[in-house]
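# what would the 3D arrangement of this be:
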Amino acid sequence: MTVDAFLKNTENFHSWLTNSVGYKLSPKIKIADGRDTNQGRFILATEDIKTDELLFEIPRESILNVLTSSLVSEYPAWENILLDGDVGHWEGLIICMLFEIKVKKNMSKWAPYFDVLPESTDLNSLMYWTAEELEALKPSLVLDRIGNDGAHQMHEKVMELIRTFEKDHSVDLSFGTITWEDFLYVASIIMSYSFDVELPPTSADENEEDDEVEEDVEQTVRNEGSLKSMIPLADTLNSDTNKCNAHLIYDEDSLKMRAISNIKAGEQVYNIYGNHPNAEILRRYGYVEWEGSKYDFGELPLEVIIETLHEQYDIPIEKIRKILKIFQTDEAILELVDDEDIIVDAYDCYVDGELGPEVVVLLQIFCILLQTPNLKKILKSSMVKLLQRVTKKCLQLIERGLITEQCLILWEKCIRKRLLSYNHVTPVSASMQFTGDTHELRLKMASKVLDTEMKSLNNCLLSLEKQYKTLPDEKLLTNILKRNAEADDEPKNRKKPRR
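Just a heads-up that it's a prediction; the model follows:
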């Protein structure tokens, strides 16, 4: 796109907002051109703005969703299909946007808005990366969350919904050919720019609350209380977890973007898309925060823990997996952990050094269990009882702010083992982001993701040492084995009652 076309589209969009769809814009902001810093369009303060000052107000009828779409307006039967059937938020908005873009085209109410959305060649979310570019993200587990298979299934569902509607209603919706590329573009735009907009309460909602009838409500889009929506201009704000200074507020008749801190003239206005680490920001939105996200974390895979346990205690990996299976399925153990998912695919290690309690519980239990004498010879029935007792005692220990010395060592070995897979990573500074080459930019963003994950893991290396006091493993192990032996001997020592 030429500079003139870019600026012309921006001018048309601004005019459309104020003259056609009823937006109220503060004179203290403008839509700025940030292409020289890979930011596209963004919102800039032209004058000092105070906390709680209104930046712009959006009429609800100007946002694009199932209820406001041309598709539902022209074919009302779509409303029940998309809101009351087994269709999800994503499929509904995708079909509505495809109708606006491919059928209504320049006649769409939102045509000036579509003109300022990025073209497919400008999108950097992971679905658009080549195999070589994705390879640069290893060993990040974000590669397991790209969702390519799910996207293809959704594409098929969208096509089937359209075909079924045309057949059932004897109508040609004039979509023409909807290619995978068409679907991917719209789905990616929704992923990057949509909002889940709370629906205003209705009188029917209030009556239901008054009746206080406890019934199972069918899970449909309409009953969820929000709609996935495109909000022109609100999505022009860039997001930054460290610099967020504005927030979108939902009122009954409109949506309002307000400043949540003082913003000086010349500063950018930032929203926040969620509490996401850089890996997730890249997956969803196609960019990274070059200074690091406030919510960055690295991940410690369960497989790394299993391998470390095997190396530390010389217990076969298959044996460890069988014990894990017992832990996940035994009812007594599940009751002890309040049905919490202690065993998951990976454990988050946050950049501020915080950890979830689950990984501590897992390591402490298996650290003690695998030190049990003659563990390889213990039968399954005895193993279940032993694991129950170890779990109970380890939970009590952790609740007192204690872990064993070997647990601490095991944790640090797990983290160091995980860090070895990041040995190839070269740190990336914010100044290195500026490049006009898409391939080069993606490789730099991949390096930034790995850099922030590695930093998070390093920051958690000494977390257990800082958060817990330690005691010798022998003390806890002796206590567990002694009580376990007493429990086994009790039936043998008990006298039979006289007849």
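
# which stretches of the stretch 251-400 of the chain form strands?
254-259, 270-271, 297-301, 346-350 (DSSP state E, counting those that start in this stretch).

# so the third one versus strand 346-350, what angle?
Translated: strand 297-301. Using axes from the mean of the first three to the mean of the last three Cα atoms, to 10 degrees, one finds that strand 297-301 and strand 346-350 are set 150 degrees apart in direction.

# what's next to strand 297-301, contact-wise?
140-141, 277, 345-351, 359, 414-415, 418, 452-457, 460 (Cβ atoms under 8 Å, 6 or more residues apart in numbering). Just so you know, the C-beta spots here come from the backbone N, C-alpha and C atoms, and that holds for glycine as well.

# tell me the strands beside that strand, with direction?
In the sheet, strand 297-301 lines up against strand 346-350 (antiparallel) (DSSP bridges).

# buried residues, stretch 383-395. List them.
383, 384, 386, 387, 388, 389, 390, 391, 392, 393, 394, 395 (16 or more other Cβ atoms under 10 Å).

# now the strands for the stretch 1-150 of the chain?
24-25, 29-33, 41-45, 54-59.

# tell me which of the strands of the stretch 251-400 of the chain is the most buried.
strand 297-301 (a mean of 25; mean count of other Cβ atoms under 10 Å).

# re earlier: show me the buried residues of stretch 383-395 that map onto helices.
383, 384, 386, 387, 388, 389, 390, 391, 392, 393, 394, 395 (DSSP state H).

# make JSON lines from those residues and add pLDDT and distance to residue 102 to it.
Compiled in JSON lines, these are given as follows (pLDDT from 0 to 100; distance: Cβ to Cβ, whole Å):
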{"residue": "383", "pLDDT": "91", "distance to residue 102": "61"}
{"residue": "384", "pLDDT": "94", "distance to residue 102": "60"}
{"residue": "386", "pLDDT": "94", "distance to residue 102": "63"}
{"residue": "387", "pLDDT": "95", "distance to residue 102": "58"}
{"residue": "388", "pLDDT": "95", "distance to residue 102": "60"}
{"residue": "389", "pLDDT": "95", "distance to residue 102": "64"}
{"residue": "390", "pLDDT": "96", "distance to residue 102": "61"}
{"residue": "391", "pLDDT": "97", "distance to residue 102": "57"}
{"residue": "392", "pLDDT": "96", "distance to residue 102": "61"}
{"residue": "393", "pLDDT": "96", "distance to residue 102": "64"}
{"residue": "394", "pLDDT": "97", "distance to residue 102": "59"}
{"residue": "395", "pLDDT": "97", "distance to residue 102": "57"}
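
# buried residues in the helix ranked longest in the chain?
Scanning the chain for the longest helix, with DSSP H as the assignment, gives helix 438-460. Going by neighbour count (16+ other Cβ under 10 Å), the buried part of helix 438-460 is 438, 441-460.

# and stretch 81-96, by the same measure?
For stretch 81-96, by 16+ other Cβ under 10 Å, it's 81-83, 87-96.

# from those residues, which land in helices?
Using DSSP H, these in helices are 81, 82, 83, 89, 90, 91, 92, 93, 94, 95, 96.

# circling back: what lies in contact with the next helix or strand after the longest helix of the chain?
As assigned by DSSP states H and E, the chain's next helix or strand after helix 438-460 is helix 463-467. Here helix 463-467 makes contact (Cβ under 8 Å, 6+ apart) with 349, 353, 354, 355, 360, 401, 403, 407, 408, 411, 412.

# of these, which is the nearest to residue 340?
Lowest distance from residue 340 to the contacts of helix 463-467 (Cβ to Cβ) belongs to residue 360, with 12.4 Å.

# show me where the stretch 151-300 of the chain has helices.
In the stretch 151-300 of the chain, the segments counted as helices under DSSP state H, counting those that start in this stretch are 180-193, 203-211, 278-285.

# would you turn these into a markdown table with distance to residue 336 and mean neighbour count?
Shown next, in a markdown table, are these (distance: least, Cβ to Cβ, whole Å; neighbours: other Cβ atoms under 10 Å):
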| stretch | distance to residue 336 | mean neighbour count |
| --- | --- | --- |
| helix 180-193 | 40 | 18 |
| helix 203-211 | 38 | 10 |
| helix 278-285 | 32 | 23 |
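
# which one of the ones you listed lies closest to residue 22?
Comparing these by Cβ to Cβ, helix 180-193 comes nearest, at 20.4 Å.

# and the closest one, how far from the chain's centre?
18 Å (Cα atoms, centre = their mean, to the nearest Å).

# and that helix, what does it pack onto?
Helices and strands touching helix 180-193, by 3 or more Cβ pairs under 8 Å, 6 or more residues apart in numbering; DSSP states H and E, are helix 89-98, helix 148-168, helix 278-285.

# dump those to a markdown table, plus mean pLDDT.
Putting the helices and strands packed on helix 180-193 into a markdown table (pLDDT from 0 to 100) gives the following:
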| stretch | mean pLDDT |
| --- | --- |
| helix 89-98 | 97 |
| helix 148-168 | 96 |
| helix 278-285 | 97 |
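
# of all these, which lies closest to residue 39?
Nearest to residue 39, of the helices and strands packed on helix 180-193 and by Cβ to Cβ, is helix 278-285 at 12.1 Å.

# let's have the strands of the stretch 251-400 of the chain in a markdown table, adding mean pLDDT and distance to residue 64.
Listed next are those as a markdown table, based on pLDDT from 0 to 100; distance: least, Cβ to Cβ, whole Å:
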| stretch | mean pLDDT | distance to residue 64 |
| --- | --- | --- |
| strand 254-259 | 97 | 13 |
| strand 270-271 | 97 | 18 |
| strand 297-301 | 98 | 34 |
| strand 346-350 | 98 | 35 |
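
# as JSON lines, these with distance to residue 101 would be great.
Putting those into JSON lines (distance: least, Cβ to Cβ, whole Å) gives the following:
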{"stretch": "strand 254-259", "distance to residue 101": "23"}
{"stretch": "strand 270-271", "distance to residue 101": "25"}
{"stretch": "strand 297-301", "distance to residue 101": "37"}
{"stretch": "strand 346-350", "distance to residue 101": "38"}
